[in-house]
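Chemist: how does the following fold in three dimensions:
(chains A and B)
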2 protein chains.
Amino acid sequence: MNFTIQNVLIATHDAYTTVDVQVVDGKITAIAPHLDVVGAAFDGTNKLLLPGFINAHTHSSEMWQRGAIPPLPLELWLAELYEFAPLDLEKVYLSALGTAVETLLSGGTSVVDHLVLIPGQEVETIATATRAYREVGIRAFIAPLIQDESLTAGIPSGESQQTHEPYFRSTVATLEFIEEVVKQFHRPDEGVSILVAPTGIQLCSDALFTGCIELSDRYNLCRHSHLLETKAQEKLAQEKYGCTAVEHLKRIGYLGDRTSLAHCVWLSDADIAILAKTQSTVVHNPLSNLRLGSGIAPILKYRQAGVNVTFGCDGASSNDSQDLLEAIKIGSILHNITDLDYQHWITPRQAVEMATLGGAKGLNMGDKLGSLSVGKQADLVLYDLKNLSLLPRTDPIGLLVLGRPTNVVDSAWVSGKQIVANGKVNTINVENLQQELFNHSQWDTQRQSQTVAQIEAHYRTVMGLPTRDLGYS
Amino acid sequence: MNFTIQNVLIATHDAYTTVDVQVVDGKITAIAPHLDVVGAAFDGTNKLLLPGFINAHTHSSEMWQRGAIPPLPLELWLAELYEFAPLDLEKVYLSALGTAVETLLSGGTSVVDHLVLIPGQEVETIATATRAYREVGIRAFIAPLIQDESLTAGIPSGESQQTHEPYFRSTVATLEFIEEVVKQFHRPDEGVSILVAPTGIQLCSDALFTGCIELSDRYNLCRHSHLLETKAQEKLAQEKYGCTAVEHLKRIGYLGDRTSLAHCVWLSDADIAILAKTQSTVVHNPLSNLRLGSGIAPILKYRQAGVNVTFGCDGASSNDSQDLLEAIKIGSILHNITDLDYQHWITPRQAVEMATLGGAKGLNMGDKLGSLSVGKQADLVLYDLKNLSLLPRTDPIGLLVLGRPTNVVDSAWVSGKQIVANGKVNTINVENLQQELFNHSQWDTQRQSQTVAQIEAHYRTVMGLPTRDLGYS
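Modeler: All right, here's what the predicted structure looks like:
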């Protein structure tokens, strides 16, 4: 669809200007005042146009447990998450829709879904999420979450001897179905890309990583993993490799300008230099890192070292939302307490650039997405500046990033297709979605995780916490 | 007005139950299943009832500059704030309305407004804010912000000799008008209370503090101040008193169970013990503390020491919103990174208690407000659990505190009077308010603060920051 947005506010280098924006065949074709109207006309008066944000790391099906998991660190939280995640395809479908809707209504037009797979229905899980994202029309980067070690292997052994069950699926079988999935679903030109996405060093063998590198090279796929989310993982990397996780990933060739790494909380200065040199991207998930007590990722250091940084919501059980504007706000202001020198702090405009162009670069699409530039894909979001949460009028981007904007997305387009209009997603029936989410769930607040109870004592010992008083079980 | 909410979910000790709640003459008179309907009936099906939160520290007129001030530490931020704050009474009125509306729509039924006064129109400023809060119907605690030293005195001298202009109004004159204001506007039974509120040790003499203590004792007023928000204030206290600010405030008798103290970021363990012993209340403003780079208040230590803690949004220029649910969320999860032991982390239920009963205690109203108890004031909020942001169904309070609830407040009552119905404030015309906020403002993004330029070099020297490259001016 072709269209022209008239009289809309856009950001210039350090101010704003009012222009018209023309979109033809899904791409931005002109940005200037007083253009001829091509296609449909949209009134941009008192509205701000930005490129769509990229929700650069999430796990859509965690939506089923948001609000449910008590305050626990990642390793125990994960045990509870998996214990209560006997997903079915219907739930995968609904939570992908929900993730897409919340991302869109908070300014995102792309989502990277590090998708948890139903054992035995791996391909079907991916097919289902793909269908949901295609229906909504959001740009989807589906990163099937794979591993080849079992969950308990993700906790350091410490002084103890730990043995772990072998993982139920072989490394070879995993790589085979990923290749099959790439052939079936990787359609970047249609807005659906597949990424290779070994979950992280804590649960993946070198064979899995190198297999993913080969697939990535053969099919031109981006790479996505968790990296050093917790202090426990930092310990584990030393146990496993005798060096840092970053040094190891560099050695095996996993890092590069198509590699995006979620969290990156526990990196050394030498590790940071490696990320800069390899042009890897850090996906900052500030809310999850707080919620799970993982720590504050050294984002100001990354920026000073020249590492590309962008934002993710992370899964909705560790956030517990999918609101990109919240992630961008907290992911910006959180770091002011880490450096007394305010000249290093992230400005609202820098935050927007991180959330747009930063995300695009991490997905090897910096030349196609992430800025209002003629020739780029029309992934656009129009914000209503007359909304109460953006009043009184001051600096529109300051209000958007530092405030708590609510109901502010008026319209959104992906490749020029309008998928939000008048503040509502118009490609699916959101009221039906709400009813389905309601019907498939219940207020259930007294569950107790057996898995957490089983591993808690070992976790506390390894992490140097008092073990006498086990609070959770 | 008398009414009965039927079939509503409320929290029990560790679960939920469905009950009816009766309200007669502004107080809760019965909580039990299957009550007779007294007065109007409200359907509570699929809704959660909580006591209203207390926005325990804000500055309403800062709304006029939200989103506008660049990332700066408190001392420089304040210089910019005051330079561009030539307020008039109309703006005071509109921003008090706006603050009340945003507080209500995020679950708050009380607001503590540490109100910035227009010089020469001090009493009129307070009259105007009072009028706004009475019109909306929110419970208001108006804390006129007073000082008797000029702004530059708030920055430590360090090695240098600093002289400061005398403050334009004498200490005696200040205390006189506060007494006048108490006589005119302090009507706790009508929902409007006046607090004595010297801004803090950084800009107040001992004479002002002790004058406020006398007024507090004579008229039974609560006391409210900022306390040790920044590292600079910690230095200043040592310069000024040769001891910590808390030790000094204890010595002069300012602390006590009617004293609430905003921020409390830079306290020593000995200071914390003093707050516990004096039963003073800490008002935690997490978003402001991040935005201004002030630091992380040691909230888990306060809780372990038995200090009462509650939440505030702080003024909307340092937040830049008035959303209590956001402050409660970040004010809970932020501390998980300060203590490896997750058994100390704040649970969603504890956060709700801090935001309700914690706030009430700090205002000396723990016996009248802050819980769903027969005999207490009916300051109530009803949340719509079918809202998309609270789905799928898991733990309602977990979703409310850890999620990003949007448009979830269905109804709110203050002393039994309904002021939010069907998700909208029904006592004032909010669309008119939006239009007025729009009309009284403009998109103005290229202002430069002269005051910041003047004091920046000194600030950087005192704080040990490199002075060569002044980024702001």
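Chemist: show me how chain A divides into domains.
Modeler: A:3-50+A:373-425, A:52-362 (automatic domain parsing).
Chemist: my guess is residue A:47 meets residue A:10, correct?
Modeler: No. Using CB atoms under 8 Å, residue A:47 makes no contact with residue A:10, being 10.1 Å away. C-beta: built from backbone N, CA, C; applies to glycine.
Chemist: more crowded one of those two?
Modeler: residue A:47 (21 against 18; other CB atoms under 10 Å in any protein chain shown).
Chemist: quick check: chain neighbours aside, which residue is closest to the more buried one?
Modeler: residue A:382 (5.1 Å; CB to CB, 6 or more residues apart in numbering or on different chains).
Chemist: again, but for residue A:234
Modeler: residue A:266 (4.2 Å).
Chemist: show me what contacts the one you found?
Modeler: For residue A:266, the contact set (CB atoms under 8 Å, 6 or more residues apart in numbering or on different chains) comprises A:228-231, A:233-234, A:295.
Chemist: of all these, which comes closest to chain B?
Modeler: Set against chain B, the nearest of the contacts of residue A:266 by CB to the nearest CB is residue A:295 (5.3 Å).
Chemist: neighbours around residue A:131, how many?
Modeler: Counted with other CB under 10 Å, the neighbours of residue A:131 add up to 17.
Chemist: in three-state terms, label the residue nearest to residue A:285 when sequence neighbours are not counted for me.
Modeler: Leaving aside its sequence neighbours, residue A:285 sits nearest to residue A:314 (CB to CB, 6+ apart; 4.0 Å). Under DSSP: H, G, I helix; E, B strand; the rest coil, residue A:314 falls in the coil class.
Chemist: I figured residue A:314 hits residue A:284, correct?
Modeler: No. In this structure, residue A:314 is not within contact of residue A:284 by CB under 8 Å, at 9.8 Å.
Chemist: before we move on, back to that, okay, and which of the contacts of residue A:266 map to helices?
Modeler: Of the positions in the contacts of residue A:266, A:231, A:233-234 sit in helices, assigned by DSSP state H.
Chemist: pull the most distant pair out of the contacts of residue A:266.
Modeler: Largest separation among those by CB to CB: A:233 and A:295, giving 10.9 Å.
Chemist: looking at the two, which is more packed in?
Modeler: Neighbour count, other CB under 10 Å: between residue A:233 and residue A:295, residue A:233 has more, with 26 against 20.
Chemist: doesn't residue A:201 make contact with the more buried one?
Modeler: Yes. If you go by CB under 8 Å, residue A:233 and residue A:201 touch, sitting 7.1 Å apart.
Chemist: what do those two both touch?
Modeler: residue A:245.
Chemist: re the thing from before, helix, strand, or coil at the residue nearest to residue A:47?
Modeler: Applying three-state DSSP to residue A:382 yields a three-state assignment of strand.
Chemist: that one bridge partners, please.
Modeler: Under DSSP bridges, the beta-bridge partners of residue A:382 are residue A:49, residue A:411.
Chemist: relative to chain B, how far out is the residue most central in space within chain A?
Modeler: Geometric centre of chain A, nearest residue: residue A:57, 1.6 Å, by CA atoms, centre = their mean. To chain B, residue A:57 is 17 Å away according to CB to the nearest CB, to the nearest Å.
Chemist: what segments of the stretch 201-350 of chain A are strands?
Modeler: Counting by DSSP state E, counting those that start in this stretch, one finds strands in the stretch 201-350 of chain A at the ranges A:223-227, A:259-263, A:281-284, A:308-311.
Chemist: is the second one up against chain B anywhere?
Modeler: What it means is strand A:259-263. No. Judged by CB under 8 Å from any CB of the partner chain, strand A:259-263 makes no contact with chain B; its nearest approach is 12.8 Å.
Chemist: that strand to strand A:223-227, inter-axis angle?
Modeler: 30 degrees (axes from the mean of the first three to the mean of the last three CA atoms, to 10 degrees).
Chemist: name the helices or strands packed onto strand A:259-263?
Modeler: Packed against strand A:259-263 by the contact rule (3 or more CB pairs under 8 Å, 6 or more residues apart in numbering or on different chains; DSSP states H and E) you find strand A:53-58, strand A:223-227, strand A:281-284.
Chemist: immediately after the longest one, which helix or strand?
Modeler: Moving toward the C-terminus from strand A:53-58, the first helix or strand encountered (DSSP states H and E) is helix A:74-83.
Chemist: and the following helix or strand past that following helix, average pLDDT?
Modeler: Per DSSP H and E, the first helix or strand lying C-terminal to helix A:74-83 is helix A:89-104. Helix A:89-104 shows a mean pLDDT of 98.
Chemist: helix A:89-104 - contacts with which helices or strands?
Modeler: If contacts are counted by 3+ CB pairs under 8 Å, 6+ apart, helix A:89-104 sits against strand A:53-58, strand A:108-115, helix A:122-136, strand A:424-425, helix A:430-439.
Chemist: can I get the ones you listed in CSV including distance to residue B:195 and mean pLDDT?
Modeler: Output for the helices and strands packed on helix A:89-104, formatted as CSV (distance: least, CB to CB, whole Å; pLDDT from 0 to 100):
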stretch, distance to residue B:195, mean pLDDT
strand A:53-58, 41, 98
strand A:108-115, 42, 98
helix A:122-136, 50, 98
strand A:424-425, 43, 98
helix A:430-439, 43, 98
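Chemist: quick one: the helices and strands packed on strand A:259-263 as TSV, columns for distance to residue A:359 too.
Modeler: Putting these into TSV (distance: least, CB to CB, whole Å) gives the following:
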stretch	distance to residue A:359
strand A:53-58	3
strand A:223-227	12
strand A:281-284	8
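Chemist: which one of those strands lies closest to residue B:221?
Modeler: strand A:281-284 (45.2 Å).
Chemist: in its sheet, what does that closest one sit against?
Modeler: Using DSSP bridges, the strands paired with strand A:281-284 are strand A:259-263 (parallel), strand A:308-311 (parallel).
Chemist: just the mean pLDDT for the last one, thanks.
Modeler: So the one you mean is strand A:308-311. 98.
Chemist: for that strand, which positions count as buried?
Modeler: Residues A:308-311 are the ones in strand A:308-311 that count as buried (16 or more other CB atoms under 10 Å in any protein chain shown).
Chemist: looking at the residues you listed, which is nearest residue A:425?
Modeler: Nearest member of those to residue A:425, counting by CB to CB, is residue A:311, at 21.2 Å.
Chemist: contacts only, for that closest one.
Modeler: Residue A:311 touches A:53-56, A:283-286, A:324, A:327-328, A:331, A:354-355, A:358-359, counting by CB under 8 Å, 6+ apart.
Chemist: closest one of those residues to residue B:130?
Modeler: residue A:328 (37.0 Å).
Chemist: I'd say that closest one and residue A:404 touch.
Modeler: No. Counting by CB under 8 Å, residue A:328 does not reach residue A:404; the two are 11.6 Å apart.
Chemist: hmm, residue A:286 and residue A:313 touching each other?
Modeler: No. Assessed by CB under 8 Å, residue A:313 is found out of contact with residue A:286, at 9.7 Å.
Chemist: where do the contact lists of these two overlap?
Modeler: By CB under 8 Å, 6+ apart, the residues touching both residue A:313 and residue A:286 are residue A:327.
Chemist: looking at those two, which is more packed in?
Modeler: Neighbour totals were compared for residue A:313 and residue A:286, and residue A:313 leads with 32 against 29 (other CB under 10 Å).
Chemist: quick check, pLDDT for residue A:86.
Modeler: 66.
Chemist: now do the same contact list for residue A:1.
Modeler: With the criterion set at CB under 8 Å, 6+ apart, residue A:1 makes contact with A:23, A:39-40, A:416-418.
Chemist: change it to 7 Å
Modeler: By CB atoms under 7 Å, 6 or more residues apart in numbering or on different chains, the contact set of residue A:1 is A:39-40, A:416-418.
Chemist: I appreciate the help and will end here.
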